[in-house]
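K.L.:
Return atomic coordinates for the entry below.
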Amino acid sequence: SFSTPPITISHVSPATRAKVATSLLQNYGYFRGNVNYELVSQKNPKKQKITYRVKLDKPYLFDSIQYRFPVTEDSLLRTTAHEAYIRRGSQFSTLDLTNEKTRIVNTLRDNGFYYYRPDYITYLADSTNTPYRVALRVVPDIDMPAKARKQYYFGNVSAYIRQPRTRSARQSTGGRRTELQYTDSLMLNDLKIVYQGDRMPVAPRVLFKNFKFWKRRTFNQSRVDQTLANLHSMNIFSGMKFTFTPRDTTLTNDTLDVRLDLTMDQLIDTEVNFNITQKSNSQIGPSLGLIFSKRNAFRHGETLSVGLKGSYEWQTQKQFGENKLREKKKKTNLQRFFEQFKDVMILILIAAAVVIMPIFFGKDSLNQQHKGSLDVEKYQAQIESLHHAIDSCNLEIERLRNDSLYKENLLRTRYGMSRKGEHVFQMVK
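P.N.:
Numbering: from 1, shown residues only. Here you go, the predicted structure:
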């Protein structure tokens, strides 16, 4: 049968479609708009048409918009008010309200409020005072947890690098999920790097440069995202995950320790190309290309590629007769060896080798220059480490001067002082 099954009115569900359309109008500010439908009978009593009628009326506009947040959050939102999605006089839209929640959360999370979420923001709207106008108030949710109201700082930063799990390793363990133990670790400035294997899979300096946040700095989600993007662009990790853990469970805690788990990827790639070519001079033949690529070849995120290409071509018999060579008197191997030196290109290559040899094996060879550049990078890293340590000390001093709660928490947790010695805190001030 070539006919299609009939579509029933119950299958179309016009009442549901009208409700969805009315809700969509209200989401875009047409609060007095609605959508109705009517069933129109046809000559055939078994057929009916559906007519939808849409009433828009005037859209509602935002009138006054007030942000009622605590002092710290309010000052941050005022500095980014020009980025707001809702403005006085613009048409009401639930999409803009959702985007504004996201903007507020991103602004606060970039300034230390790690636990802030869109669910912690409430809109209070009043459309009864002025016709076709909506008075809006943006306030924090009354049930928001206390930790979402606090600003946090980055604590200890550590990176754990795992080696990829190969098929042979899984077979040797009978398919069980067993993790290799971390074998060694090192410190580079405030970054602790723990890794598996005989040596560090990535040069510590390269990993250090990709981090955009550091210890004792205010938590910033954008810097965390930028760090992930930088590490992903290296194209050597198959998995990356950040974990932020409060240093302790006390009410005065404002520090998040950071752990980054990295899993190395399989770094060797192979590409095979096979083609058949035919040229205008009646030559035809196959060609084969093989490319080996080693990512992170020298532990700096670079890619080393080696390609081999071979082809074989022959001329067609139609133009040149049978593909058969005339037999000649065979030459000895010694004659063949000395005949190679009759070629001018061979002589040029020998001369070039004599000139290039000192560059690779001489006193000022590339290897020696490379070692010298590594020593320079090492000293530069030590100098930057000292600068970073000085900046950290200055930041710690500034916090001790201005943050009394931090001083109290530091003395209690690090030096074991109790509330009986309150005069000690006054001495610190």
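
K.L.:
how close does residue 44 get to residue 52?
P.N.:
Using C-beta to C-beta, to the nearest Å, one gets 21 Å for the distance from residue 44 to residue 52. For glycine as for every other residue, the C-beta is placed from the backbone atoms N, C-alpha and C.

K.L.:
Checking residue 390 next. Helix, strand or coil?
P.N.:
Under DSSP: H, G, I helix; E, B strand; the rest coil, the three-state class of residue 390 is helix.

K.L.:
okay, now it: neighbour count?
P.N.:
Using other C-beta atoms under 10 Å, residue 390 is surrounded by 10 other residues.

K.L.:
Contact partners for the residue nearest to residue 57 when sequence neighbours are not counted?
P.N.:
The shortest distance from residue 57 to any non-neighbouring residue, by C-beta to C-beta, 6 or more residues apart in numbering, is to residue 32 (4.2 Å). Residue 32 makes contacts with 55, 57, 58, as judged by C-beta atoms under 8 Å, 6 or more residues apart in numbering.

K.L.:
Give me the below-cutoff pLDDT ranges for the stretch 151-300 of the chain.
P.N.:
Scanning the stretch 151-300 of the chain for pLDDT under 70 picks out 166-180, 279-282.

K.L.:
I'd guess the residue nearest to residue 57 is in a strand, am I close?
P.N.:
No - per three-state DSSP, residue 32 lies outside any strand segment and is coil.

K.L.:
how about the strands of the stretch 51-200 of the chain, start to end?
P.N.:
Secondary structure of the stretch 51-200 of the chain (DSSP state E, counting those that start in this stretch): strands at 61-67, 121-126, 133-140, 153-162, 184-188, 191-195.

K.L.:
quick one: which of residue 44 and residue 52 has more around it?
P.N.:
Between residue 44 and residue 52, counted using other C-beta under 10 Å, the more crowded position is residue 52 (12 against 7).

K.L.:
mind listing the helices for this structure?
P.N.:
Residue ranges of the helices in the chain, as given by DSSP state H, are 9-12, 14-27, 71-79, 94-109, 167-172, 204-209, 221-233, 317-320, 333-339, 344-361, 366-402, 404-415, 422-428.

K.L.:
hey, least reliable of these by pLDDT?
P.N.:
Comparing mean pLDDT across the helices of the chain, the weakest is helix 422-428, with a mean of 41.

K.L.:
Tell me the spacing between residue 86 and residue 92.
P.N.:
Residue 86 is 9 Å from residue 92, by C-beta to C-beta.

K.L.:
Ok, residue 56 next?
P.N.:
From residue 56 to residue 92 the distance is 13 Å (C-beta to C-beta).

K.L.:
Looking at these two, which is more packed in?
P.N.:
Neighbour count, other C-beta under 10 Å: between residue 56 and residue 92, residue 92 has more, with 24 against 12.

K.L.:
follow-up on the earlier one: between residue 56 and residue 92, which contacts overlap?
P.N.:
By C-beta under 8 Å, 6+ apart, no residue touches both residue 56 and residue 92.

K.L.:
Is residue 154 in contact with residue 219, as I believe?
P.N.:
Yes - taking contacts as C-beta atoms under 8 Å, residue 154 lies within contact range of residue 219: 6.1 Å.

K.L.:
shared neighbours, the two?
P.N.:
With C-beta under 8 Å, 6+ apart, residue 154 and residue 219 have common neighbours 213, 256.

K.L.:
circling back to that earlier point, just send the contacts of residue 32 back as JSON lines, with pLDDT, distance to residue 202 and neighbour count too.
P.N.:
Listed next are the contacts of residue 32 as JSON lines, based on pLDDT from 0 to 100; distance: C-beta to C-beta, whole Å; neighbours: other C-beta atoms under 10 Å:
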{"residue": "55", "pLDDT": "90", "distance to residue 202": "64", "neighbour count": "12"}
{"residue": "57", "pLDDT": "88", "distance to residue 202": "63", "neighbour count": "12"}
{"residue": "58", "pLDDT": "92", "distance to residue 202": "61", "neighbour count": "12"}
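
K.L.:
would a markdown table of those with distance to residue 189 be doable?
P.N.:
Shown next, in a markdown table, are the contacts of residue 32 (distance: C-beta to C-beta, whole Å):
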| residue | distance to residue 189 |
| --- | --- |
| 55 | 66 |
| 57 | 63 |
| 58 | 61 |
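
K.L.:
which among those gets closest to residue 260?
P.N.:
Comparing the contacts of residue 32 against residue 260 with C-beta to C-beta places residue 58 closest, at 53.5 Å.

K.L.:
Would you list the phi and psi of that closest one?
P.N.:
When read as degrees, to the nearest 10, the backbone of residue 58 gives phi -80, psi 140.
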